[in-house]
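Enquirer: using only what follows, build the 3D model:
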Amino acid sequence: MARPVEARIVVHGTLTAQSAVHVGSGEEGFGTDLPLARDGRGELYVPGTNLAGVLRDWYRSAFGEADAKSVWGFQERDGGRESRGQASLVLVEDARVELLPGAHAAIRDGVGIDREWGAAARHVKYDRAVLPAGSTLELRLALELLRGIPPDPLRAKLGHLLEALARGDIPLGAARTRGLGRVRLDRDRLSVREQRLSDRDGVLALLRARRPSEAGHDLAIQDLAKAADVTPRRAPSIDIEVVWEPLGPLMVKAGGEGLGIDALPYTEPGPAGLSLVLPGSSIKGALRSQAERIVRTLLPDRPASRTPQPSTQRFLDQLDVPLADWLFGARRARGASGPRPGRGALSVADCFATAPLDREQWSAVLGAGTAEEARRALDLGGLHEWANAYHVAVDRWTGGAANALLFSVLEPHGVGWGPIKMRMELSRLPEKARQPAIALLLLVLDDLAAGRVALGFGVNRGMGTVRVTRVALEVSDGALLGLASGAIRLDLQGGVLSALDRTTRQVIAGGWQRWIESEQRRD
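Expert: Predicted coordinates:
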């Protein structure tokens, strides 16, 4: 039996990628481990199931599980048999992807670092294809309003959902805690129309429209959100902004090589154009390593690895560090009892250089065959401070240059960078782990501010040293977190921890100490 649909709200809009986005195909591809999803014609797209999943997750967090089931559908099983369920009231279509003119999918490399040796872990090297920032996704969805269900609360909740998309609060795709997936709904390219389907005039208007999306009357999302007295819940979180600058050359190494330069900085289209980028995965990896050092220092009976030989299992063992796994994420072990971390509570956005690169001059740098050509291309591009540095390995027996181990690195000097932005979602942490996790993150930020954490490539060879000039914390619920509510600006002259007020330090230190003692007793 068909559902008694009184009306439907049809949304047509455009999602613009603020960072790189990866929505995979689920299979390995030729030339990359994690290719992008493509439809039957070979065109890039985002499946409607992926979009519906992230939208439903936000809806559930904002309005509760019961509301999410009633609107987005559910299916329950009883004793292995399907007992009851409901189809979703929201229809989400596949999203067609359009790249900027001349742009193409980029390849991001990922590698696991052996915590004991500091080198790339064996068999933990992969790459993924990503849609570059500036790509657009076509958003098409419809909400059915059924007879007997009050429509105004549904209108208001849809309005709040669209406002969250317009603010960029709903990331999309994989690796969302590592800088990928930031999208924003373009308000200027948004159409929201309500179509009546319960009477003859409404149906005829829909049939006579040139396009189905043009039938009905226009709605503004701010008016939708005010249709009923509905307020979305805000999950407890801490937003962190770190203003910083490099003290020397800083970059993440690109996967490819230039014609005459071996190691190049990684670039991607950013908010201002082609720019150097410090991926969120790179920043998060450096912070995680420091967090693991802190925990292992306080719990000395936890070795870096229980497997002496290089293997994938050795690397996975090294990630099994209490509290750090909840903060930064961990795999879900099969057969494990009790709650497991899964996706971490901390998300780190990509960080872009403030000055864009000229595409033509950068192509000339990549194609330079000699040092003189590279220097000329750099000067024409305004990159006068950049240096093409040569490195050579020395043979320990002869004292001369080792055979075939001379390489060059294009070192970016004098580059300005945007702030590092992070978000800590406290709802992803067990209650007893919240205060200790806040303490661990503040300790890591304190080490970053003190210059004890380097970022990017070549950090053991003089690169990646940073100076932090300001840290800003915005806390959603101060009473819950033990911090003052609202925006907090920290003076870093004495470090992050010393900039907090005495009461806050005592609350956080108490939770941190209790966690350490409980872990020592458990061991």
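
Enquirer: from here on, contacts and neighbour counts on C-alpha atoms
Expert: Noted.

Enquirer: can you tell me what sits against stretch 253-264?
Expert: Stretch 253-264 is contacted by residues 107-109, 265-267, 365-371, 374, 388, 407-411, 456-457 when judged by CA atoms under 8 Å, 6 or more residues apart in numbering.

Enquirer: typo on my end, it should be stretch 13-26
Expert: 34-38, 46, 128-140, 172-175, 179-187, 189-191, 270-271, 350.

Enquirer: before we move on, what about stretch 71-87?
Expert: If you take CA under 8 Å, 6+ apart as the criterion, stretch 71-87 is touched by 56, 70, 88-90.

Enquirer: mark which of those residues are buried, thanks.
Expert: With burial judged by 16 or more other CA atoms under 10 Å, the buried subset of those is 56, 88-90.

Enquirer: buried residues of the top helix by length along the chain, list them for me.
Expert: In the chain, with assignment by DSSP state H, the single longest helix is helix 502-522. Of all the residues in helix 502-522, those buried under the rule 16+ other CA under 10 Å are 504-505, 508-509, 511-512, 515.

Enquirer: dump the helix or strand hosting residue 124 to PDB, restricted to CA.
Expert: Per DSSP states H and E: residue 124 is located in strand 120-130. Only the C-alpha atoms of strand 120-130 are listed here, as PDB (Å, rounded to 0.1, in the frame of the first residue of the first chain):
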ATOM      1  CA  ALA A 120      58.300   3.700   7.400                       C
ATOM      2  CA  ALA A 121      56.600   0.600   8.800                       C
ATOM      3  CA  ARG A 122      56.700  -2.400   6.500                       C
ATOM      4  CA  HIS A 123      53.600  -3.000   4.400                       C
ATOM      5  CA  VAL A 124      51.900   0.100   5.700                       C
ATOM      6  CA  LYS A 125      52.200   2.200   2.600                       C
ATOM      7  CA  TYR A 126      49.100   3.200   0.600                       C
ATOM      8  CA  ASP A 127      47.700   6.000  -1.500                       C
ATOM      9  CA  ARG A 128      44.200   7.300  -2.200                       C
ATOM     10  CA  ALA A 129      42.700   9.400  -5.000                       C
ATOM     11  CA  VAL A 130      40.900  12.500  -3.800                       C
END
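
Enquirer: and it, average pLDDT?
Expert: Here strand 120-130 scores 82 as its mean pLDDT.

Enquirer: what segments of the stretch 1-150 of the chain are helices?
Expert: For the stretch 1-150 of the chain, the helices defined by DSSP state H, counting those that start in this stretch occupy 48-63, 65-72.

Enquirer: show me the domain layout of the protein.
Expert: The record's domain split for the chain, according to automatic domain parsing, is 5-225, 237-249+272-306+314-329+340-352+420-522.

Enquirer: would you list those in TSV and tack on distance to residue 261?
Expert: Below are the domains of the chain laid out as TSV (distance: least, CA to CA, whole Å):
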stretch	distance to residue 261
domain 5-225	19
domain 237-249+272-306+314-329+340-352+420-522	16
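
Enquirer: nearest to residue 341, of the buried residues of helix 502-522?
Expert: Comparing those against residue 341 with CA to CA places residue 515 closest, at 16.9 Å.

Enquirer: need the max-distance pair from the buried ones among the contacts of stretch 71-87.
Expert: Largest pairwise distance in the buried ones among the contacts of stretch 71-87, by CA to CA, is 11.5 Å, between 56 and 89.

Enquirer: that older thread, which among the contacts of stretch 71-87 gets closest to residue 290?
Expert: Closest approach to residue 290 among those (CA to CA): residue 56, at 34.6 Å.

Enquirer: surely that closest one and residue 68 touch.
Expert: Yes - checked against CA atoms under 8 Å, the pair residue 56 and residue 68 is within contact range at 6.7 Å.

Enquirer: what secondary structure does residue 341 sit in?
Expert: coil (DSSP: H, G, I helix; E, B strand; the rest coil).

Enquirer: which residue, other than its chain neighbours, is closest to it?
Expert: In this structure, residue 341 finds its nearest non-sequential neighbour in residue 326, 4.9 Å apart by CA to CA, 6 or more residues apart in numbering.

Enquirer: cool, and residue 120?
Expert: Closest to residue 120 by CA to CA, 6+ apart is residue 113, at 4.6 Å.

Enquirer: tell me the contacts of the one you found?
Expert: Applying CA under 8 Å, 6+ apart to residue 113 gives the contacts 119-121, 315.

Enquirer: tell me the pLDDT at it?
Expert: pLDDT, read off for residue 113, is 79.

Enquirer: distance of it from residue 453?
Expert: The gap separating residue 113 from residue 453 is 15 Å, by CA to CA, to the nearest Å.

Enquirer: ok, residue 227 next?
Expert: Distance of residue 227 to residue 453, given as CA to CA: 49 Å.

Enquirer: those two: who's more crowded?
Expert: Set residue 227 next to residue 453 and count neighbours by other CA atoms under 10 Å: residue 453 wins out with 21 against 17.

Enquirer: only the buried subset of the contacts of stretch 13-26, as a PyMOL command please.
Expert: This is how PyMOL selects the buried members of these, with burial counted by 16+ other CA under 10 Å:
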select buried, resi 34+35+36+37+38+46+128+129+130+131+132+133+134+135+136+137+138+139+140+172+173+174+175+179+180+181+182+183+184+185+186+187+190+191+270+271+350
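
Enquirer: which of the contacts of stretch 13-26 fall within strands?
Expert: 46, 128-130, 136-140, 183-185, 191, 270 (DSSP state E).

Enquirer: picking that back up, any idea which of the helices of the stretch 1-150 of the chain gets closest to residue 208?
Expert: Taking CA to CA, helix 48-63 is the member of the helices of the stretch 1-150 of the chain nearest to residue 208, at 27.6 Å.

Enquirer: that closest one: which residues count as buried?
Expert: Residues 48, 50-52, 55-56, 58-60, 62-63 are the ones in helix 48-63 that count as buried (16+ other CA under 10 Å).

Enquirer: export it as PDB, just CAs?
Expert: Taking C-alpha atoms only, helix 48-63 is exported to PDB below (Å, rounded to 0.1, in the frame of the first residue of the first chain):
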ATOM      1  CA  GLY A  48      23.300   8.600  -2.500                       C
ATOM      2  CA  THR A  49      23.900   6.000   0.200                       C
ATOM      3  CA  ASN A  50      27.100   7.900   1.300                       C
ATOM      4  CA  LEU A  51      25.300  11.200   1.400                       C
ATOM      5  CA  ALA A  52      22.300   9.800   3.300                       C
ATOM      6  CA  GLY A  53      24.600   8.100   5.800                       C
ATOM      7  CA  VAL A  54      26.400  11.300   6.900                       C
ATOM      8  CA  LEU A  55      23.200  13.300   6.900                       C
ATOM      9  CA  ARG A  56      21.400  10.700   9.000                       C
ATOM     10  CA  ASP A  57      24.300  10.600  11.400                       C
ATOM     11  CA  TRP A  58      24.100  14.400  12.000                       C
ATOM     12  CA  TYR A  59      20.300  14.200  12.300                       C
ATOM     13  CA  ARG A  60      20.600  11.500  14.900                       C
ATOM     14  CA  SER A  61      23.200  13.500  16.900                       C
ATOM     15  CA  ALA A  62      21.100  16.600  16.700                       C
ATOM     16  CA  PHE A  63      17.600  15.200  17.400                       C
END
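
Enquirer: tilt between it and helix 65-72?
Expert: With axes from the mean of the first three to the mean of the last three CA atoms, to 10 degrees applied, the angle from helix 48-63 to helix 65-72 works out at 140 degrees.

Enquirer: what mean pLDDT does stretch 476-496 get?
Expert: The average pLDDT for stretch 476-496 rounds to 68.
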